[in-house]
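*Asks:* Just the structure for this:
(3 chains)
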Amino acid sequence: MNKVRRFLRAFFLVDIVQGLSITLRHYFGRKVTVQYPEVVKSLPPRFKGMLRLFRDEAGEPLCIACKACQRICPSHCFDIEGVRPEGSKVMRPTKFDWKLDRCTFCGLCVEVCPTDAIRFSETFRMSALGKDKLHFHLPDMYLRGEELQSHLCSGCLK
Amino acid sequence: MTGKAFLFELLIPVIKIVAVILYPMIMVVVMIWLERRVVAWIQGRIGPNRVGWQGILQPFADAFKLFFKEDIIPREADKLLFNIAPILVMFSTLLAFCFIPLGESFRIGTYTLHLRIADSPVGLLLVLGLSSIGVFGIIFGGWASNSKYPLMGALRSVIQILSYEIPIGLTVLTVVFLSRSMDLVRIVESQREGGVWFGLLMPVSFVVFWISGIAETNRAPFDLPEAENELVAGYHTEYSGMKFAYFYIAEYAHMVLVSSLVVILFFGGWLPPFPSIKAFAFLHWIPGFVWYLIKIMFFLYLYVWIRATFPRYRFDALIKLVWKWFIPLSLANFLVVVALRYVL
Amino acid sequence: MASKAFKEIDLNMGPQHPSTHGVLRLKVSIDNEVVLHVEPVLGYLHRGMEKLWESQTYHQIIPLTDRLDYLASLSNNLGYCLTVEKLAGIEVPKRAQYIRVILAELQRLASHLAWIGFMANDVGAMTVLLYGFEARESFLDIFETYAGGRLTIHGMRLGGVPFDLDETVIGMIRKVLETTPKWIADIEGLLTDNRIWRHRTEGIGIIPQSDALENGLTGPCLRAAGMAWDLRRDLPYSSYEDFDFDIPVRTASDVLDRYFVRMEEMRQSLRIVRQALDRLPAGEHIAKVPRTLRIPPGEIYHSIEAPKGELGFFIRSNGTDKPERVKMRSPSFINLMSLEQMCKGNLFSDIVGVLGSLDIVLGEIDK
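*Replies:* Model prediction:
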């Protein structure tokens, strides 16, 4: 009896029709394509975009050149030097070199920073037209948004 | 002969010839676009939609790209056969379209316009024969490439095509038996007289013919000889640029040819559904060739739908399938049809 | 005549090939379509990980373990962190252990969905690739919201996990517990009963259980060979003993059985995640571990059940904050060694199917 049933299922192509019905259902179903670059998906808060230095509410830079990020980075992306300016309680960086092409976006520097100065941003279009553009120096580390995009690449996505 | 009649006698065939070349070409262009969009929709994405409105210019972009590619010929290749192979495949497929009627003949004044080029009482046989000539193109392509992988792929393709010709012949035989003619127009007319499409009358014939047709055109799930995932990339490995485009276009044209044959032999050609029932006479308002196109589009959709859904048959199973199942089945089917015809 | 002309051809499935799951080179020798020898040639993705780790601190190694099995990075993180914690005697809070279980099982689901996509695509069913990856998207979105990364997640730390599960993430996990069974049902509907799939996978790539054990085959391939061995149940770690789940075991040890085992594992993973989420205890999400972690000299080997098999780390410490030697037992590397035995006697076109069923990742093999 079982054999007869199996033969009939095979002869009448039951499995074929079943497969075709599943794909037919998806044919009329939802399409997940996002029309990039006109539409960009919203990024979650912890998204690991490009690293950059942040300022506090008053506009003062947060980085105190403690070099914790330099010590923890597994890929040796940082080269930091700092001095304590006259009349200031904290050290300030005189040199803050960061290499984007070495970074693996592990986030260890973000975790160890005592002042939350270095954080991930929302920038993910990180292509540039030259390797020198991928090596950031102190003023560039505070760039963001459109200025950062222009610094990296001439903005071909316009 | 008056000038007007002379014009008709000369102009109409020229227009028909141009139409016969254009019709498969246009269908091929539509097919390329359709395939990518339908497969994408089944997979939950949209497919090409940037080149032209909804991506309809994508096939032209592909053709454009292929046109400008460098034409590479392997150094030790047999130049004559290498160059002839794509032409042969294209030529045989396009020639077969001469015998396919696109609709019923209609009158313009005193002139009867037949929607086909050649009027032959054995049109069906010629179409099948011509599509078999394309096999030579495959052999030449595989041999002339002077490399073992295309040769293995070509041999596999050839065995596949030749084996699947047999069930095609046997199932077509049932249709010829019922309609008493090999003329494609007569076959459609006998479906009108009978009042029922042959596909509904003989579903086994239809299914076997359709599956064998898929195998003939090297389409999934029978596309092992030319799948990229396998090592042997098929007879067109060494071809680039326009020659590759010829093979590509010829494959799609062959698909359109097989779909046309299925529609004419089993689905009433240009007849509307229920052709002889008076209640459905309003369907005759839609002209014949529109019905024909609708049905062909359905089968082309079916081709793509099947490709997107199923895995690939391994080559030995493909051959076992035809020799152990399809050929005995189509033989038995033919005997049953003959027996029933004489009993009823 | 034909067999003489085609006797013993040597073919090369080169490092660049659509179906070798990475840069794997296979030297195949066939006799008239039947496979005689298969020799994998490895090393095209070797990055010197184990040597690199000797100059990194224990914390710095974790993001580098992401890049081993890059389709299941949380499992690598987990394996490494558990090993170091065992060596250093770090106690992980209960809540962190449960969160680790949730993350590891979600990662197992994502890995298996990628696997079925690739394997079905190799055999020709290209739609299943897209379905598998669309189902996987939901998991990657969860990882992105939780830790910021989709592929190299760095989602575990020594002593626990970097972040606690907040409402957004828990909501996403609950949603995925609803939607994933439908995707699995669709993929199974397309494959399980399909005659072409059966024909390509039934009776192919068989390895007897005794040979599997001798070769060191682990993971779903071993369970498909009849051995009910799963480290989550037999040598439990990270509170797996608190959960109720079944171990799928099959006996025919062919490609089809490996497929069944992994599909059932996906369902069991959903079960585990649901239990862990329902019973999530209160507590800390990470223990206090010093930034400069110095471990007194010692050795340890500890392994976990990664999606690909038994993933083990051997660590020898020397009192400093960097390990003396780290050796990784990668499941794909050991499993790959059974490829020849599985392929012998089968046809050439089956190699791709068997390779797919082994579920290898070159990042893990070549380190």
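*Asks:* Strands of chain C, start to end?
*Replies:* C:9-13, C:25-31, C:34-41, C:298-306, C:309-317, C:325-329 (DSSP state E).
*Asks:* ugh, wrong one, I meant the stretch 51-200 of chain B
*Replies:* Per DSSP state E, counting those that start in this stretch, the stretch 51-200 of chain B carries strands over the ranges B:106-108, B:111-113.
*Asks:* on that earlier part again, any idea which of the strands of chain C is most buried?
*Replies:* Neighbour counts (mean count of other CB atoms under 10 Å in any protein chain shown) averaged over each of the strands of chain C peak at strand C:309-317, with a mean of 23. C-betas here are computed from N, CA, C, even on glycine.
*Asks:* list the helices and strands that strand packs on?
*Replies:* Where contact means 3 or more CB pairs under 8 Å, 6 or more residues apart in numbering or on different chains; DSSP states H and E, strand C:309-317 is packed against helix C:73-88, helix C:220-224, strand C:298-306, strand C:325-329, helix C:331-336.
*Asks:* tell me what the second one is packed against?
*Replies:* The elements that helix C:220-224 packs onto, with contact taken as 3+ CB pairs under 8 Å, 6+ apart, are helix C:209-215, helix C:255-278, strand C:309-317.
*Asks:* repeat for the first one
*Replies:* Taking 3+ CB pairs under 8 Å, 6+ apart as contact, the helices and strands that helix C:73-88 lies on are helix C:58-65, helix C:94-123, strand C:298-306, strand C:309-317.
*Asks:* mind listing what the third one pairs with, with the direction of each?
*Replies:* For strand C:298-306, the pairing partners within the sheet under DSSP bridges are strand C:309-317 (antiparallel).
*Asks:* Return the strand it pairs with as CSV; C-alpha atoms alone will do.
*Replies:* C-alpha atoms of strand C:309-317 as CSV (Å, rounded to 0.1, in the frame of the first residue of the first chain):
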residue,chain,number,x,y,z
GLY,C,309,31.8,20.7,15.1
GLU,C,310,34.1,20.6,18.1
LEU,C,311,35.9,23.9,18.3
GLY,C,312,38.7,23.7,20.8
PHE,C,313,41.4,26.0,22.1
PHE,C,314,44.6,24.9,23.8
ILE,C,315,46.3,27.8,25.7
ARG,C,316,49.6,27.7,27.5
SER,C,317,50.2,30.7,29.7
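*Asks:* Go ahead and name everything in contact with it.
*Replies:* C:69, C:75-76, C:79-80, C:83-84, C:87-88, C:217-222, C:231, C:295-305, C:323-332, C:334-335 (CB atoms under 8 Å, 6 or more residues apart in numbering or on different chains).
*Asks:* Which residues are in contact with C:Gly216?
*Replies:* By CB under 8 Å, 6+ apart, the residues touching C:Gly216 are C:334, C:337.
*Asks:* do that again at 10 Å, thanks
*Replies:* C:222, C:309-310, C:329, C:331, C:333-335, C:337-338 (CB atoms under 10 Å, 6 or more residues apart in numbering or on different chains).
*Asks:* For those, could you give me CSV that also reports distance to B:Leu11 and pLDDT?
*Replies:* Formatted as CSV, the contacts of C:Gly216 follow (distance: CB to CB, whole Å; pLDDT from 0 to 100):
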residue, distance to B:Leu11, pLDDT
C:Leu222, 76, 93
C:Gly309, 74, 92
C:Glu310, 79, 93
C:Arg329, 80, 93
C:Pro331, 74, 93
C:Phe333, 74, 93
C:Ile334, 76, 93
C:Asn335, 71, 93
C:Met337, 74, 91
C:Ser338, 72, 91
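*Asks:* now that we're looking at C:Met328, which residues does it contact?
*Replies:* Per CB under 10 Å, 6+ apart, neighbours of C:Met328: C:49-50, C:53, C:65, C:68, C:76, C:79-80, C:83, C:311-315, C:364, C:367.
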